[in-house]
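1. sequence and predicted structure, then a few things I'm wondering about:
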Amino acid sequence: MKILLVEDESKAGEYLRKGLTELGFVVDWAQDGADGLHLAVHESYDLIILDVMLPIHDGWHLLRELRKTRDTPVLFLTARDEVEDRVKGLELGADDYLVKPFSFMELTARVRTLLRRGPARESGLIEIADMQIDVLKRRVTRDGKRIDLTVKEFALLYLLAQRRGEVLSRSVIASQVWDMNFDSDTNVVDVAVRRLRAKLDDAHAYKLIQTVRGIGYVLEAGE
């Protein structure tokens, strides 16, 4: 399969190009938004890995122009973990995102998931059991009742919902929601999950957020 990598940082780009090539992918690497856009619209790719901050044209511009003619799956790479950035990416047609720094193992897992999924993108509305998440409006309801969440609580719920059914370790959650390396002496993830559960689950007979002892957390419809 053929991947377009658009990344201006030479060390990161070479690392990703080499790693993906060793896994058997054919990789074209563009180091600015102009070259990336030209390749994206004139060549055929199974997936585009796109950095947001680029010279000439940023990733937002590239994706906006790409979606006028192509439905190629796009994985965004961003150094910022603001929910607004993720929402903007969804609005423009991104399929997934990774917050830097990330592990190559996680990148390859996301790549394979997107390649299996194909060009169909996630809807702006996520529904799990009796819960609805309106991603664009950042509005959450359960059993028809509005749940008010902080920015970080929404980011945490959005991550769990995006990867529902998948057990996420505390280190993955910490890196994705707080852009930090998880320290076993830090209970920030457990505290945040506890607060989110209080708002999301406590008033209901069955729980959506499950604990997997010794590993982390998973969001799925419970009994």
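-> That came in fine, so what should we check first?
2. shaky segments in this protein?
-> 80-87, 89-90, 118-123, 179-186, 222-223 (pLDDT under 70).
3. and the residue nearest the centre of it?
-> Nearest residue to the geometric centre of the chain (C-alpha atoms, centre = their mean): residue 97, 3.4 Å.
4. okay, now the nearest residue in space to it that is not next to it in sequence: neighbour count?
-> Leaving aside its sequence neighbours, residue 97 sits nearest to residue 76 (C-beta to C-beta, 6 or more residues apart in numbering; 4.1 Å). For glycine as for every other residue, the C-beta is placed from the backbone atoms N, C-alpha and C. Residue 76 has 24 neighbours, counted by other C-beta atoms under 10 Å.
5. okay but residue 76 is in contact with residue 59, surely?
-> Yes. Counting by C-beta atoms under 8 Å, residue 76 touches residue 59, with 6.4 Å between them.
6. what do these two both touch?
-> 50, 51, 52 (C-beta atoms under 8 Å, 6 or more residues apart in numbering).
7. I figured the last one hits residue 88, correct?
-> Translated: residue 52. No. Using C-beta under 8 Å as the test, residue 52 is too far from residue 88 to be in contact (9.3 Å).
8. mind listing the shared neighbours of those two?
-> residue 60.
9. thought residue 23 was touching residue 115, still the case?
-> No. The pair residue 115 / residue 23 is not scored as a contact, 11.5 Å apart, by C-beta under 8 Å.
10. and stretch 136-149, what's buried?
-> 140, 142, 147, 149 (16 or more other C-beta atoms under 10 Å).
11. show me the two of these that sit farthest apart.
-> 142 and 149 (11.3 Å; C-beta to C-beta).
12. one step back: ok, the residue nearest to residue 97 - contacts?
-> Contact analysis of residue 76 by C-beta under 8 Å, 6+ apart lists 50, 51, 52, 59, 63, 89, 94, 96, 97, 98.
13. cool, residue 41 as well?
-> Neighbours of residue 41 in contact, by C-beta under 8 Å, 6+ apart: 65, 66, 69, 70.
14. please repeat the previous calculation with a cut-off of 7 Å.
-> 66, 69, 70 (C-beta atoms under 7 Å, 6 or more residues apart in numbering).
15. which stretches of the chain form strands?
-> For the chain, the strands defined by DSSP state E cover 2-6, 26-30, 47-51, 74-78, 96-99, 125-128, 131-134, 139-142, 145-147, 168-169, 209-212, 216-219.
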